[in-house]
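Colleague: Could you look at this predicted model? Sequence included:
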Amino acid sequence: MGFATTAIHAGNEPDPTTGSVTVPIYQTSTYAQDGLGRHKGYEYARTQNPTRHALERNIAALEGARFGYAFASGMAAIDATMRLVKAGEHVIVSDNTYGGTYRLFSRILAGYGVEFTYVDTSEVSNVEAAIKTNTTMVFVETPTNPVMIVTDLQAVAEVAHRAGARVVCDNTFMSPYLQQPLEFGVDIVVHSTTKYLNGHSDSVGGVVVLNDEQDAEWLAFVQNGAGAILSPFDSWLVLRGTKTLAVRMEQHDRSGRAVAAFLEEHPKVEKLYYPGSLSHRQHDLAKRQQRGFGGMVAFDLGSLDNARTVLESVRMCTLAESLGGVESLISHPATMTHASVLPETRDRLGITDGLVRISVGLEDTDDIIADLDQALNKIA
Ligand SMILES: *Cc1c(COP(=O)(O)O)cnc(C)c1O
């Protein structure tokens with residue numbers, strides 16, 4: 001079956017009691033049991049919920065995975081994944097991950113005896129050099145936010161597996177429609193469903209998918225034991241969202257390319273960050289590993305003043321954090337999403353005061369470009 005068919009049907013069987021074509025929102029905390037030890041497989045809603053299970057089967061199918069677990073946020077999904085690592089073990093991490101991931105690792109988990117090394121994973125030799133005898137996980141994000149650095153998943157997986165370490169990929173920016181990391185040997189995929197998977201900017205959630213049975217059992221145990229589950233209503237929203245993932249990502253990708261091409265030619269734009277551009281140093285790798293380039297585009301306007309002018313002059317694009325929704329969102333990484341990153345790290349990564357990031361939405365492409373054009377023309 002093709003991706004769009006899977007997106008619409010996996011996990012979405014008509015409800016056995018009523019025939020309801022959409023999976024009902026099972027808004028219950030508990031389930032009546034027929035007798036002692038006799039029940040329908042559902043005892044308590046932290047442990048089992050049919051709406052959540054439907055979503056978990058759906059996203060697992062989209063990533064080509066056997067198992068899926070949904071959590072209350074992307075961060076909760078990443079936190080649960082990190083419970084596979086124990087005190088005394090070592091994790092190698094992309095040095096330009098989502099800020100919340102860096103905060104979780106450096107400020108919370110490091111206090112429990114887990115050791116982290118942050119490297120530029122776009123050079124696989126950096127990963128190889130960072131491996132230690134106690135390395136049990138390599139955690140990568142590709143492309144990264146906001147400067148769109150691409151990591152070669154297959155090369156990293158080979159290096160990590162040789163050392164006996166698992167590879168986790170945060171696939172939030174691409175969605176399974178544009179990139180399926182398990183294909184390249186990655187062991188575990190995490191998503192913030194808040195972004196493209198839900199796609200409508202009206203739910204916060206996360207998911208973990210994987211193939212290894214033992215790790216899956218532990219994740220199920222953590223999901224129930226720590227309890228950061230996705231609610232039935234949010235599960236239903238994301239399930240509704242993934243049904244249109246294929247058509248949405250096609251359009252995000254189409255408009256993303258058009259917006260990037262427009263920006264690249266614009267005299268006020270000093271630098272473009274978009275793996276779909278021929279000028280991106282990893283364009284070939286992105287082309288090999290991804291089915292498209294998506295709707296995330298970043299560009300440098302040279303100064304805070306110029307960035308502010310554009311961010312405050314857009315009319316249709318909304319100045320806001322987050323991404324992956326139907327509406328175009330524009331943001332200033334240095335003061336918004338990446339404010340907690342050390343200034344010298346921001347400089348090294350290219351997250352300058354002039355950098356602007358846009359999540360290209362599903363409005364008419366011409367309207368998005370016209371809005372950016374009028375805002376760019378306000379720069380003195
Ligand atoms: C948003 C995001 C997260 C965190 O997800 P939440 O749902 O906000 O907790 C993790 N990784 C990436 C790449 C993200 O964009």
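Modeller: Great, that's in hand.
Colleague: Quick one: neighbours of the closest residue to His9 other than its chain neighbours, just the number.
Modeller: Sequence neighbours aside, Met1 is the residue nearest to His9 in space, at 7.6 Å (criterion: CB to CB, 6 or more residues apart in numbering). For glycine as for every other residue, the C-beta is placed from the backbone atoms N, C-alpha and C. Per other CB atoms under 10 Å, the neighbour tally for Met1 reads 10.
Colleague: Need the pLDDT of Met1.
Modeller: What the model reports for Met1 is a pLDDT of 91.
Colleague: gap between it and the ligand?
Modeller: Distance, Met1 to the ligand, by CB to the nearest ligand atom, to the nearest Å: 28 Å.
Colleague: Please apply the same query to Ile59.
Modeller: For Ile59, the distance to the ligand (CB to the nearest ligand atom) stands at 14 Å.
Colleague: Please apply the same query to Gly241.
Modeller: The gap separating Gly241 from the ligand is 13 Å, by CB to the nearest ligand atom.
Colleague: if you count residues, which strand in the protein comes out on top?
Modeller: The longest strand of the chain (DSSP state E) is strand 135-141.
Colleague: what about Thr22, distance to Tyr42?
Modeller: Computed as CB to CB, to the nearest Å, the Thr22 to Tyr42 distance reads 19 Å.
Colleague: Spell out the residue ranges of the strands in this structure.
Modeller: With DSSP E as the criterion, the chain has strands spanning 67-71, 90-94, 115-119, 135-141, 166-170, 188-192, 206-210, 271-273, 296-300, 318-319, 329-331, 355-359.
Colleague: Identify whichever of those strands lies nearest to Leu285.
Modeller: strand 135-141 (13.1 Å; CB to CB).
Colleague: Name every strand pairing with the closest one and say which way it goes.
Modeller: Applying DSSP bridges, strand 135-141 is found paired with strand 90-94 (parallel), strand 166-170 (parallel).
Colleague: which one of those lies closest to the ligand?
Modeller: Nearest to the ligand, of all those, is strand 166-170, at 4.9 Å by CB to the nearest ligand atom.
Colleague: can you tell me if the closest one touches the ligand.
Modeller: Yes - judged by CB under 6 Å from any ligand atom, strand 166-170 and the ligand are in contact via Asp170.
Colleague: Report the buried residues of the top helix by length along the chain.
Modeller: Identified as the longest helix of the chain according to DSSP state H is helix 245-265. By 16 or more other CB atoms under 10 Å, the buried positions in helix 245-265 come out as 245-246, 248-249, 251-253, 255-264.
Colleague: again, but for stretch 171-191
Modeller: Neighbour-count burial for stretch 171-191, with 16+ other CB under 10 Å as criterion, is recorded at 171-182, 184, 186-191.
Colleague: got a pLDDT number for the residue of the stretch 101-250 of the chain found nearest the ligand?
Modeller: Residue of the stretch 101-250 of the chain nearest the ligand, by CB to the nearest ligand atom: Ser192 (3.0 Å). Listed pLDDT for Ser192 reads 98.
Colleague: which residue sits closest to Lys243 in space, ignoring its chain neighbours?
Modeller: With sequence-adjacent residues excluded and distances taken as CB to CB, 6+ apart, Lys243 is closest to Ile8, at 5.1 Å.
Colleague: thought the one you found was touching Gly241?
Modeller: No - assessed by CB atoms under 8 Å, Ile8 is found out of contact with Gly241, at 11.8 Å.
Colleague: So for the two, which sits in the more crowded spot?
Modeller: Gly241 (23 against 15).
Colleague: List the residues that contact that one.
Modeller: By CB atoms under 8 Å, 6 or more residues apart in numbering, the residues touching Gly241 are Thr193, Leu197, Asn198, Gly199, His200, Ser203.
Colleague: same question, Ala54
Modeller: By CB under 8 Å, 6+ apart, the residues touching Ala54 are Gly11, Asn12, Val23, Ser235, Leu239.
Colleague: farthest pair in these?
Modeller: Farthest pair in these, by CB to CB: Asn12 and Ser235, 12.1 Å.
Colleague: Between these two, which is the more surrounded one?
Modeller: Applying other CB under 10 Å to Asn12 and Ser235 shows that Ser235 carries more neighbours, namely 28 against 20.
Colleague: Get me the contact residues on the protein for the ligand.
Modeller: Applying CB under 6 Å from any ligand atom, one finds that the chain approaches the ligand through 73-75, 98, 100-101, 141, 145, 170, 172-173, 192, 194-195, 204, 206.
Colleague: Noted, bye for now.
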